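> model this:
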Amino acid sequence: MNRRTIHTTEAAAGFTQRGKNMHYTRYLFIDFENVQSFDLDAIDKSVKVFVFVGSQQKKIPMEVVDKAQARGESLKWIQISGHGRNALDFHIAFYLGEMNQTAPKNVSFTLLSRDTGYDPLVEYVNKRGRRCQRVNSLKETAVKPRRTQEDPHLQRALANLSKIDKSRRPRTRNTLGKHIERALGRKLSPKEVTSIIEELFLTGKITETAGRLNYDF
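As a prediction, the model looks like this:
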C-alpha cells in the first residue's frame, strides 16, 4: 500500500470511536469526487462533516485520513454503492434531504463542491426554511471577513466593478476572472485572480446561484 494513501474501507473502519454528544451548528457535505483539496483543521468542531466518496475511489490521501480521524464522530465517511454519471450527486441530494428532516432548524447546511448543478437544490432548501449554501472553497465559510483594505488588487477590482452597472457586470466566475485581469492592467497569475475572487465571496460582495454571479455592492 502506498505510504501516502489508505484504502477507503480502512478509512471508514477507523472512525468507530465513541465521543461526547455534541450540538452541531452546521452540517458540511463534501463532494470528494469533485473536491479533494481541503483543510479539515480549518473546520470548527461545532461542524458535523459528511465526506461522500465515489464507488471507484479506493484510496484516500493519508494526510486527509489523519486529520479526519482526529475529529472522531464529528466526521462521517459515506461511500456510495454504485457508479455512473452523477451517481454521487444524487446520493448527496438524497442524504441532504434526509438530514433536512431530522436536523434542528438552527443547523445550517454547507455543500463543498464546484459543481453548480447543486444550486437549484440549494435554492430549494433555502426556500423550505433551512439556511443552505454551496461553496467552492472552505475559505468562503470563514466566520470573520478579511480586511479588504490590506489587498490593493482587491480594492482596485472593487473600484472598477463599482463603476459598471450591475446588469452589465461579469456573470460567471470565468468571465469575472478575465475582466479582473484586463481591469488591473497587469499580468496576474491564475492564483492571484482566484484569490481576488475568493475574497469577494468571503467578504459578501458577491454570491453565486446556479452558476450566475450576484453582486451586493
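> secondary structure class for residue 69?
Assigned state for residue 69: helix (three-state reduction, DSSP: H, G, I helix; E, B strand; the rest coil).
> number of nearby residues for it?
Residue 69 is flanked by 14 other residues according to other Cβ atoms under 10 Å. Placement of C-beta: from N, CA and C, glycine included.
> give the contact list for the nearest residue to residue 103 once chain neighbours are set aside.
Leaving out its chain neighbours, the residue that sits closest to residue 103 by Cβ to Cβ, 6 or more residues apart in numbering is residue 27, at 6.4 Å. When contacts are counted by Cβ atoms under 8 Å, 6 or more residues apart in numbering, residue 27 is found next to 47-50, 99, 103, 107-110.
> now, which of the residues you listed lie within helices?
Among the contacts of residue 27, the ones falling in helices (DSSP state H) are residue 99.
> following the chain onward from the lowest-mean-pLDDT helix or strand in the chain, which element is next?
Counting by mean pLDDT, DSSP states H and E, the chain has its least confident helix or strand at helix 8-13, which shows a mean of 42. Proceeding N to C from helix 8-13, the next assigned helix or strand is strand 26-31, under DSSP states H and E.
> and the residue of the chain positioned farthest from its centre, backbone torsions?
Farthest-out residue of the chain from its mean C-alpha position, per Cα atoms, centre = their mean: residue 185, at 30.6 Å. Dihedral pair for residue 185: phi 70, psi 20, per degrees, to the nearest 10.
> and it, how far is that from residue 39?
From residue 185 across to residue 39, the span is 33 Å (Cβ to Cβ, to the nearest Å).
> the closest residue to residue 110 other than its chain neighbours bridge partners, please.
Once flanking residues are discounted, residue 110 sits nearest to residue 28: 5.0 Å by Cβ to Cβ, 6+ apart. When bridges are called by DSSP bridges, residue 28 pairs up with residue 49, residue 110.
> residue 28 and residue 67, how far apart?
Applying Cβ to Cβ, the value for residue 28 to residue 67 is 14 Å.
> how long is stretch 34-50 end to end?
Stretch 34-50 stretches 14 Å from its first residue to its last (Cα to Cα, to the nearest Å).
> go through it and flag the buried ones.
34-35, 38, 40, 43, 47-50 (16 or more other Cβ atoms under 10 Å).
> pLDDT (mean, whole number) over it?
For stretch 34-50, the mean pLDDT works out to 86.
> which residues touch it?
For stretch 34-50, using Cβ under 8 Å, 6+ apart, the contacting residues are 22-30, 61, 64, 67-68, 70-71, 74-76, 78, 95, 112-115, 136-138.
> again with stretch 204-217
Contact with stretch 204-217 is made by 116, 119-120, 123, 134, 145, 158, 161-162, 166, 169-173, 176, 197, 200-201, as judged by Cβ under 8 Å, 6+ apart.
> any quick ChimeraX command for the buried ones out of those residues?
In ChimeraX syntax, the buried subset of those is picked out as below (16+ other Cβ under 10 Å):
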select :116,119,134,158,161,169,170,173,176,197,200,201
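> ranges for the helices of this protein?
Taking DSSP H, the helices of the chain run over residues 8-13, 62-70, 87-102, 119-127, 152-162, 173-183, 190-202.
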